[in-house]
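Asker: here's a sequence, model it:
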Amino acid sequence: MSKNEKLAKEILQLVGSEENVNSLVHCATRLRFGLKDKSKANKAKLEKTDGVITVKESGGQFQVVVGNNVPEVFAEIGKISNITKDSKNASVKDCGEKGNILGKAVDIVSSIFAPLLGVMAGAGILKGLLLIAVNLGWIVNTDPTYTILYAAADALFYFLPVLLAVTTARKFGGNIFVALTIAGALLYPSIVTLKTQAAEGLDVNFLGIPVVMMSYSSTVIPIILSIFVMSKLDKFFNAKLHDSIKNFLTPLILLVIMVPLTLIVFGPIGVSAGNAVATVMVAAFEFNSILAGAIMGASWQLLVMFGIHWGLVPVFINNIAVYGRDGVKPAVTASVFAQTGAMVGVMLKTKNKKLKTLAGSAAITGLFGITEPGIYGVTLPLKKPFIAGIIGAAIGGGIIGYAGTNAFASGAPGLLTLPIYYGPGGEGFTGLIIGIVVAFLVSAGLTYVLGFEDPVEEDITETEKAAASEQIVSPLAGKVVELKNVSDPVFSSDAMGKGIAIEPTVGRVVSPVNGTVAVAYKTKHAIGLISDQGAEILIHIGLDTVQLEGKYFTSHIKQGDKVSIGDLLVEFDIEKIKAEGYEVTTPVIITNTSKYSDITTSKKGTVAEKEPLLILDVHSTENIA
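Answerer: Alright, predicted model coming up:
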């Protein structure tokens with residue numbers, strides 16, 4: 001079983017199993033669950049699970065932060081459940097709570113944009129590299145090579161309404177192909193021509209209703225509004241129309257209604273609203289670029305923690321679509337490098353080897369724009385480094401704001417996406433570099449000088465193993481026998497699981513753990529227990545004794561009983577069982593052996609009731625070295 005597969009199974013179990021999940025999407029580092037009942041999720045145990053960085057509840061979502069391997073874990077969940085298939089029909093109401101307006105808005109925007117982040121970053125980097133190549137004279141924009149590469153870089157942004165139509169339809173459960181057709185109509189050549197003609201004075205109307213023509217390439221809000229309404233109408237007409245006609249009549253009605261409605265209502269409203277927000281943000285930077293940059297830099301990681309940053313993504317995209325550049329986003333880059341600097345400060349300062357390793361690896365990830373593992377695993381728990389990162393981000397953001405840096409394409413801020421900030425003549429790019437370097441150094445320096453409460457170095461091989469181990473005491477008195485020496489191959493081959501066997505000297509079995517009776521066999525010859533820590537234990541009294549059908553056995557339990565260490569479970573007559581020709585050697589098996597990295601015997605020779613017998617180590621051997 002791979003590490004990601006194991007983690008996927010553990011996460012799914014701890015969120016309350018597949019039955020408790022309405023929806024699941026993921027972003028760069030988080031699995032974002034919409035749960036039916038959050039009380040069924042074991043948040044405390046999830047946070048202690050190896051591979052889980054932290055757990056957050058925000059925007060109506062139950063968010064499990066796992067880091068850069070989130071796509072692999074998401075894929076493994078898809079293999080063992082139907083969640084990822086069903087999530088396309090999940091809406092904001094699936095989050096299991098009413099939530100507030102802001103929470104719903106965050107959930108909607110994150111679900112719509114999260115699937116596009118990877119290709120958006122890749123296209124943005126390519127666009128930035130082309131800008132650098134043209135500005136430095138390495139290539140001319142009339143060269144066919146440039147044209148082909150620019151088409152690859154810009155197609156996502158030009159046809160953004162088409163891609164958003166897919167993700168929005170999935171979010172609200174609408175017909176994806178109708179959604180694509182509506183988006184295609186907005187970018188259809190004759191509609192583009194109408195827009196040009198309207199600019200030249202043509203009166204454009206639909207059945208006498210005036211149509212304000214807009215440019216819809218790279219727009220965000222109009223298509224989201226349109227597909228939201230389309231999805232509602234899709235469900236309405238599918239419920240009203242007969243099965244024999246709804247497959248073609250519903251799409252017909254939707255296209256006839258939604259394309260004109262989008263052009264007449266949603267388009268102008270959406271474009272105007274987007275432009276208004278963008279104008280306000282741009283005005284803030286024009287009023288005092290240093291202050292605005294400092295506020296944006298300092299607040300960005302706080303917005304990310306609560307998921308509110310998704311609300312600014314459409315603003316960044318809209319600014320680039322309307323103005324060809326965005327002056328708001330560059331300050332965000334300072335925040336990323338500031339927190340990364342704080343991680344480096346922790347790495348240099350701490351004497352804890354485990355924390356030093358974690359901070360170092362998180363810093364490398366942070367340089368490429370993924371700061372969540374470092375924030376949740378390093379700077380935020382230590383408090384002062386996180387504050388140092390905010391201070392550094394404010395200073396760096398102020399420098400970037402003063403320099404008037406602009407973004408000319410979209411992409412997550414990080415080392416690889418720096419080219420998107422290189423515009424004509426490189427204006428503001430030097431200021432960006434100075435800003436992120438200052439943010440990094442100030443945060444690292446403050447972290448080192450201010451210090452933090454350094455976790456005490458622990459003996460990992462002993463302390464952590466002890467904390468992560470479960471002890472099973474002996475349920476019988478007798479002679480300890482290695483399982484491989486048991487005459488029944490079902491037990492000796494470890495097919496049932498690892499464990500030990502006991503040749504009993506007293507005919508009674510007591511509970512070896514605090515837990516629950518999972519199985520109480522009618523034949524009384526075997527007992528299945530589940531400990532409070534999760535160990536599944538089979539105590540099989542004798543070999544082939546099922547054939548006695550309960551004769552010579554007296555049970556004192558029933559299925560579902562809670563038991564404590566030492567509670568009497570079963571009594572049996574050793575001599576009479578032997579007289580019937582059966583061995584009384586009793587295997588004690590851990591049937592969920594795969595959960596443990598090691599199962600060892602703590603007793604040899606003879607053992608008394610309730611003496612330590614087995615140690616189950618759940619600590620991963622990868623982390624012990």
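Asker: when you work out contacts or count neighbours from here on, use the C-alpha atoms and nothing else.
Answerer: Noted.
Asker: count of neighbours near residue 580?
Answerer: When neighbours are counted by other Cα atoms under 10 Å, residue 580 registers 10.
Asker: now swap in residue 143 and tell me
Answerer: Using other Cα under 10 Å: residue 143 sits among 9 other residues.
Asker: kindly provide the distance from it to residue 137.
Answerer: Per Cα to Cα, to the nearest Å, residue 143 is found 12 Å from residue 137.
Asker: and the strands in the stretch 101-250 of the chain?
Answerer: Per DSSP state E, counting those that start in this stretch, the stretch 101-250 of the chain carries strands over the ranges 205-206, 209-210.
Asker: which of the ones you listed sits closest to residue 588?
Answerer: Closest approach to residue 588 among the strands of the stretch 101-250 of the chain (Cα to Cα): strand 205-206, 80.2 Å.
Asker: for residue 524, what is the enclosing helix or strand?
Answerer: According to DSSP states H and E, residue 524 maps onto no helix or strand at all.
Asker: again with residue 62
Answerer: Here residue 62 sits within strand 61-65, counting by DSSP H and E.
Asker: which residues touch that strand?
Answerer: Applying Cα atoms under 8 Å, 6 or more residues apart in numbering, the contact partners of strand 61-65 are 29-35, 38, 52-57, 95, 107, 372-373.
Asker: circling back: need the strands of the stretch 101-250 of the chain in TSV with mean pLDDT, can you?
Answerer: Formatted as TSV, the strands of the stretch 101-250 of the chain follow (pLDDT from 0 to 100):
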stretch	mean pLDDT
strand 205-206	85
strand 209-210	85
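Asker: residues making contact with stretch 485-499?
Answerer: Taking Cα under 8 Å, 6+ apart as the rule, stretch 485-499 contacts 483-484, 501, 543, 585, 587-593, 599-601, 614.
Asker: could you rerun that using 10 Å?
Answerer: 482-484, 500-502, 537-538, 540, 543-544, 583, 585-594, 598-601, 613-616 (Cα atoms under 10 Å, 6 or more residues apart in numbering).
Asker: count the neighbours of the closest residue in space to residue 191 that isn't next to it in sequence for me.
Answerer: In space, and not counting its chain neighbours, residue 191 is closest to residue 185: 7.4 Å by Cα to Cα, 6 or more residues apart in numbering. Other residues lying near residue 185 total 20 when counted by other Cα under 10 Å.
Asker: where does the stretch 251-400 of the chain dip in pLDDT?
Answerer: 271, 274-275, 277-278, 304-311 (pLDDT under 70).
Asker: that one: helices as residue ranges?
Answerer: With helices called from DSSP state H, counting those that start in this stretch, the stretch 251-400 of the chain shows them at 267-287, 289-305, 313-323, 330-349, 353-367, 372-374, 380-382, 384-403.
Asker: let's have the strands of the stretch 101-250 of the chain in a markdown table, adding distance to residue 196 and mean neighbour count.
Answerer: Below are those laid out as a markdown table (distance: least, Cα to Cα, whole Å; neighbours: other Cα atoms under 10 Å):
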| stretch | distance to residue 196 | mean neighbour count |
| --- | --- | --- |
| strand 205-206 | 14 | 12 |
| strand 209-210 | 16 | 11 |
